[in-house]
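Chemist: The following block contains a protein sequence and its predicted model.
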Amino acid sequence: MATASLKGKTAVITGSTSGIGHGIAMAFAAEGVNVVINGLGSAADNAAAVEQVAKFGTKVTFDPANMLKPDEIANMVAKTEKDFGAVDILVNCAGIQHVSPIENFPIEKWDMIIAINLTSAFHSIRAAVPGMKKRNFGRIINIASAHSLRASPNKAAYVAAKHGLDGLTKTVALECAQMQITANCISPGFVWTPLVEKQIPDIAKTQNITEEAAKNFLLGKQPSKRFGTVEQIGALAVFLASDAAVAITGSNYSIDGGWTAE
Ligand code: NAD
């Protein structure tokens with residue numbers, strides 16, 4: 001069902017060449033939203049991601065900003081405002097994971113996870129909010145995680161970054177509360193994407209179990225015993241961006257098969 005209030009708007013979605021970000025890009029484009037795709041894939045993968053989203057007929061471009069580089073993030077926002085007239089919707093989705101006990105956690109992995117999963121959202125929001133305030137419209141959607149609300153062993157950097165993203169979101173929500181600008185988190189449980197698939201061998205290794213057992217270990221956290229889908233996350237993002245959701249701000253929406261209900 002097309003959401004009339006979204007037609008013709010523009011969304012910047014970080015980390016949208018793959019997985020959840022790509023699913024959100026598809027969901028927005030299906031609602032008539034122009035989309036800036038971003039990510040670090042190969043040229044062929046990036047082009048394929050753009051082509052799939054463009055099939056809905058809206059304007060879709062690719063921006064190669066590396067979420068480790070504040071200048072590139074700010075330039076992506078400025079370029080979108082110049083080329084499309086606005087960043088109406090900002091979705092911070094780029095993220096990476098590393099699984100290791102704290103005493104062996106590589107320092108460079110900690111720094112990278114905090115930079116990509118948390119600090120990049122600070123930079124993109126910082127760059128996008130002035131334009132949103134000028135136009136008195138904005139939707140900021142940060143893709144956090146059940147790990148913004150719960151911890152798991154061996155994920156120190158990821159859990160710290162996602163808890164931080166929840167705090168950042170609430171702060172921005174308060175700063176923008178009197179305008180038509182909202183900031184919310186979506187917190188998925190396990191969704192079957194390359195990010196989850198890549199954890200399986202590490203979990204199997206650290207727990208000395210088979211890869212099949214590692215998959216079941218992940219689903220053990222999720223009372224539904226099912227992985228979520230990128231389409232489910234996309235549908236929630238579309239709702240949070242719509243006019244109907246203007247009173248929802250500073251919230252953290254779990255979409256996790258019951259994980260955080262326990
Ligand atoms: P994914 O690996 O499929 O996609 C990650 C995206 O981030 C890709 O487009 C990748 O190119 C991009 N990216 C990585 N490093 C980047 C960088 N330095 N600069 C720009 N882009 C970069 O992963 P996913 O599972 O779709 O995860 C997307 C987000 O959802 C992440 O923030 C993740 O923490 C969150 N999340 C995922 C799950 C899950 O179960 N898959 C659950 C909760 C939260």
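Modeler: Great, that's in hand. Numbering: from 1, shown residues only.
Chemist: If we ignore the residues flanking it in sequence, what's nearest the spatially most central residue of the chain?
Modeler: The centre of the chain sits closest to residue 93, judged by Cα atoms, centre = their mean, with a distance of 2.0 Å. Excluding the flanking residues, the one nearest residue 93 by Cβ to Cβ, 6 or more residues apart in numbering is residue 21, at 3.7 Å. The way it works is simple: take the backbone N, C-alpha and C, and place the C-beta from them, glycine included.
Chemist: one step back: tell me who's in contact with the residue nearest to the centre of the chain.
Modeler: With contact set as Cβ atoms under 8 Å, 6 or more residues apart in numbering, residue 93 has these partners: 13-16, 20-21, 24, 143.
Chemist: ok so, going back, how much space is there between the residue nearest to residue 93 and residue 251?
Modeler: 20 Å (Cβ to Cβ, to the nearest Å).
Chemist: between the two, who's got more neighbours?
Modeler: Using other Cβ atoms under 10 Å, the more surrounded residue of residue 21 and residue 251 is residue 21, with 28 against 18.
Chemist: State the helix or strand in which the more buried one lies.
Modeler: Residue 21 is part of helix 19-30, with elements assigned from DSSP states H and E.
Chemist: tell me what that helix is packed against?
Modeler: Here helix 19-30 touches strand 10-13, strand 34-38, helix 43-54, strand 89-92, strand 138-143, helix 230-241, going by 3 or more Cβ pairs under 8 Å, 6 or more residues apart in numbering; DSSP states H and E.
Chemist: Restricting to C-alpha, output the helix or strand that comes right after the fifth one in CSV.
Modeler: Spelled out, it's strand 138-143. Using DSSP H and E, the helix or strand that follows strand 138-143 in sequence is helix 156-176. Output of helix 156-176 as CSV, limited to C-alpha atoms (Å, rounded to 0.1, in the frame of the first residue of the first chain):
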residue,chain,number,x,y,z
ALA,A,156,31.7,-6.0,23.7
ALA,A,157,32.1,-3.4,20.9
TYR,A,158,28.9,-4.1,19.1
VAL,A,159,26.8,-4.0,22.4
ALA,A,160,28.5,-0.8,23.5
ALA,A,161,28.0,0.8,20.1
LYS,A,162,24.3,-0.2,19.9
HIS,A,163,23.6,1.0,23.4
GLY,A,164,25.3,4.3,22.4
LEU,A,165,23.1,4.6,19.3
ASP,A,166,20.0,4.3,21.5
GLY,A,167,21.3,7.2,23.6
LEU,A,168,22.2,9.3,20.6
THR,A,169,18.8,8.8,19.1
LYS,A,170,17.0,9.9,22.3
THR,A,171,19.1,13.0,22.5
VAL,A,172,18.5,14.0,18.9
ALA,A,173,14.7,13.3,19.5
LEU,A,174,14.7,15.7,22.4
GLU,A,175,16.6,18.4,20.5
CYS,A,176,14.1,18.2,17.6
